[in-house]
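1. requesting a structural model of the entry that follows:
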Amino acid sequence: MSSSVNDLSSFFCVVKWCGAGVNKLFTGGEKVIHAFDVQQLKEIGVREGYNPAKKDEEWFHTDYIMDLLPIPECGLLASASLDTKICLWRMDNLQPREPLKGHTLGVYSLDWYADLSLILSAGLNHNVYIWNPRVTQQISHLKGHNHSLVGVKWMKGTNQIISADISGMFRVWDVRTFTTVQTFNVPNMNEINCLAVTQSPKRIIAGGKKLAFYDYDEPTDHHLADDQACLCVLYNPVFYTFITAHPKCIKVWDATNGCLQSVFRDITSRDITCMCLDARNRKLFVGDQRGRTYSVDVKNGVKLKKFKKEKGKEKEKDDIASLIYWDDADASINNLIIASWDSKIRLYDDKDATREGTMRNTIDRHKKEVNFVDFRLESTLTASASDDGTIILYNHNSHRLEGMLQPYDNDLPEVKICKFLKGYDCLVSADDDGYLNFYSIASHPSIKCKLLCRAIDYNDNEQIVVSKDGEKGQKVAFPFRGIDFDPVGKIVYTGDEMGYMHKWDVSALLEKLDDIKHFLEQQALAEKAATQSQSGKSA
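-> Okay, the predicted model is just below:
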């Protein structure tokens, strides 16, 4: 059975139903709004558009009505039009209220933020506008899109709204701070025309020549930074933010109040493994499981450049294990050092403005996976730790192998991390047996690449090896996975697999190393002076 309302003198651009005790159907077309009783299938109200004879242009529409928003809580109906106005009407009799003006181009989309009683609007302008229906002036407008918007929606039960533009760019905004918390693009779609959100499940839907669906990823434990592990944390002193890396996303946090600022997703199709900042703290470099590295704008998460391996060398499981950015302003050098599980260390030139980084050099000295790389700027020296049990020292100025560090001649444990002690000719590494190994990297040949000492702690971070028959065996320390150094206090900080943190006083070791270095230098000068004196006597 079907029925229709007779000639209404204009076609409809939008139809909206309002229940909640109102039970009316509202339609909008060319400057005209109709109200219908769906039970009796008859028109019960109409509001004509602008009438030049009445000189009421400011309070009525002069162009096509593109969207309607029933607001039963306020007893209002809002209408958006190509004439740039958002008009307000009493829902019971369609009498006009003072309109909301601020858009300079046509308005396409309206939504109601019920928790804060706000009207959201979007259209040909590139901004999202936020209004209080009781105040004629806009509260705020959200800038970030570069194209005309197709819609704006509030995700119920959250403090976030979603906007989309015709290019397929989505932005998720936190209304508490009026800032972007996430951006993403619809792939393989030239243009989108409409936007919708659903509840249970929370889902974002974009429509163009096809539909694209995005599930709203809401953390289950709000006390955690993310549901997945935090792989790396960086501090950005330029923007006063902390940056955390998780397998599927990068999150940016305000260091002053701990609030989440931005979430960057879809940087790569594989899990993220590591990250680092450039020297200016403006770009973020992100590595993934497939051996690919991308540079990302820290402010908006836009991908800037891709650093690829040699053609045909990408494998399914070749994690980027470590990244170091090397910037030398005097030499006009902007290099990115990438260590990978394919046993290679690659040097890329980031100075080129192209979309892909240029590979300059490959270090192929390790026999197994490279787990970590550290860089010493004053000597352009790279130290790389590997599962083959060795640490390779490589000079990037001379392109020469400076040394190979290993604690034993055979049965080498895997080395997971290494660190130059800034200001000293010393390097510390951690292996899978739970030992810290301290090496001298001084230039003097008699102490260069020498193992100075080893350290292990059994107090808290120990486990007891138990045999099959239940007898207890030897103690085994948990391996360290993080190392840092305080050059002022001469303290080495370590973190192990079980979550224990330790501090090691290495002042005595470093003072002894400096004494040996000074003694050897004085001895070399004395020998040189004696040789010159002997040569003078012979002459």
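2. mind checking pLDDT for residue 8?
-> The model reports residue 8 with a pLDDT of 49.
3. ditto for residue 302
-> Model confidence at residue 302, given as pLDDT, is 85.
4. pLDDT of stretch 520-539, averaged?
-> Stretch 520-539 comes out at a mean pLDDT of 76.
5. meant to ask about stretch 324-337, not that
-> Rounded mean pLDDT across stretch 324-337 is 78.
6. flag every buried residue along it.
-> 324-327, 334-337 (16 or more other Cβ atoms under 10 Å). To be clear about C-beta, it is placed using only N, CA and C from the backbone, and glycine gets the same treatment.
7. mind checking the SS state of residue 535?
-> Put simply, residue 535 is helix when judged by DSSP: H, G, I helix; E, B strand; the rest coil.
8. what about it, distance to residue 529?
-> Using Cβ to Cβ, to the nearest Å, we find residue 535 at a distance of 11 Å from residue 529.
9. one step back: dump the buried residues of stretch 324-337 to CSV, plus secondary structure and distance to residue 168.
-> Output for the buried residues of stretch 324-337, formatted as CSV (DSSP: H, G, I helix; E, B strand; the rest coil; distance: Cβ to Cβ, whole Å):
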residue, secondary structure, distance to residue 168
324, strand, 35
325, strand, 31
326, strand, 36
327, strand, 34
334, strand, 32
335, strand, 34
336, strand, 29
337, strand, 35
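10. which one of those is nearest to residue 501?
-> residue 324 (23.6 Å; Cβ to Cβ).
11. so which residues make contact with stretch 420-428?
-> 374-376, 381, 383, 391, 405, 418-419, 436-443, 452, 483, 485, 487, 492, 506, 509-510, 513-514, 517 (Cβ atoms under 8 Å, 6 or more residues apart in numbering).
12. in strands, which of these fall?
-> Using DSSP state E, 374-376, 381, 383, 391, 405, 418-419, 436-440, 452, 483, 485, 492 are the members of those that sit in strands.
13. show the buried residues in those.
-> Counted by 16+ other Cβ under 10 Å, those give 374-376, 381, 383, 391, 405, 418-419, 436-440, 452, 483, 485, 492 as buried.
14. where does pLDDT dip in the stretch 401-539 of the chain?
-> The stretch 401-539 of the chain contains residues with pLDDT under 70 at 458-477, 536-539.
15. sketch out the helices for it, chain order is fine.
-> Ranges of helices in the stretch 401-539 of the chain, per DSSP state H, counting those that start in this stretch, are 507-538.
16. per-residue confidence for the one residue sitting closest to the centre of the chain?
-> Centroid check for the chain by Cα atoms, centre = their mean gives residue 250 as the closest residue, at 2.7 Å. Note on residue 250: pLDDT of 91.
17. just list whatever residues bridge to it.
-> Residue 250 has these beta-bridge partners by DSSP bridges: residue 245, residue 264.
18. what of residue 164?
-> residue 151, residue 170.
19. so it sits right up against residue 192, yeah?
-> Yes: using Cβ atoms under 8 Å, residue 164 is in contact with residue 192, at 6.2 Å.
20. which neighbours do the two share?
-> 150, 206.
21. these two: which has the busier surroundings?
-> residue 164 (28 against 23; other Cβ atoms under 10 Å).
22. for that one, give its distance to residue 228.
-> Relative to residue 228, and taking Cβ to Cβ, residue 164 is found at 26 Å.
23. could you point out which element follows the host helix or strand of residue 348?
-> If you go by DSSP states H and E, residue 348 is part of strand 345-349. For strand 345-349, the succeeding helix or strand toward the C-terminus, using DSSP H and E, is strand 358-363.
24. helix, strand or coil for the nearest residue to residue 68 once chain neighbours are set aside?
-> Distances taken as Cβ to Cβ, 6 or more residues apart in numbering place residue 16 nearest to residue 68, at 4.3 Å, with adjacent residues excluded. Following three-state DSSP, residue 16 is assigned to strand.
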